[in-house]
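Asks: Build me a structure from this.
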Amino acid sequence: MVRVMAFGVFDLLHLGHVHYLEEAKRLGDELVVVVARDSVTLKRKHKTVTPEDMRRRLVAALKSVDRAVLGYEEDPFRIVEELRPEIIALGYDDPLQLDEAKRELERRGLRVRVVRLSKLNHDLDGTRKIIERIRS
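Replies: Sure, this is the predicted structure:
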């Protein structure tokens, strides 16, 4: 069985998220999604609209997702060590660089394939776009 792991904030769940997770699921048999903690998102991006457990539950309810878990605050690779996926699927806009991820996984003795997935081109394919549409 091939386990695929995907990461994200998943604030205001939208079609771009669905596209990303469906594409990730096609890479293997099981899709585990790691949802970012509120504290991590606040440090790296912005304050979330919906709290972390709500975001995790919404992601878990998607057809393509087999399991959704919350990530760790201090070490984003700790969950990879615990769940041992064969593939990590990065979103098109994930700030983590492929080479950087591969080096860190190798350093930890993890043999994981890392792939970057495609972007969905839609006028409401991102949380910030949705918020901007609501504001206008």
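Asks: Could you use CA atoms for every contact and neighbour count after this?
Replies: Noted.
Asks: Give the closest residue to Glu22 in space, chain neighbours not counted.
Replies: Distances taken as Cα to Cα, 6 or more residues apart in numbering place Ser64 nearest to Glu22, at 5.6 Å, with adjacent residues excluded.
Asks: Would you mind listing the residues in contact with the one you found?
Replies: 21-22, 25, 31 (Cα atoms under 8 Å, 6 or more residues apart in numbering).
Asks: export these to a markdown table and tack on distance to Leu110?
Replies: Below are these laid out as a markdown table (distance: Cα to Cα, whole Å):
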| residue | distance to Leu110 |
| --- | --- |
| Leu21 | 23 |
| Glu22 | 25 |
| Lys25 | 21 |
| Leu31 | 18 |
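Asks: Narrow the residues you listed to those in helices?
Replies: The members of these that map onto helices under DSSP state H are 21-22, 25.
Asks: with these in mind, which one is nearest to Arg113?
Replies: Of all these, the one sitting nearest Arg113 is Lys25; the distance, using Cα to Cα, is 14.3 Å.
Asks: My guess is the closest one contacts Val4. True?
Replies: Yes. Using Cα atoms under 8 Å, Lys25 is in contact with Val4, at 6.9 Å.
Asks: shared neighbours of the two, which are they?
Replies: Joint contacts of Lys25 and Val4 (Cα under 8 Å, 6+ apart) are Leu31.
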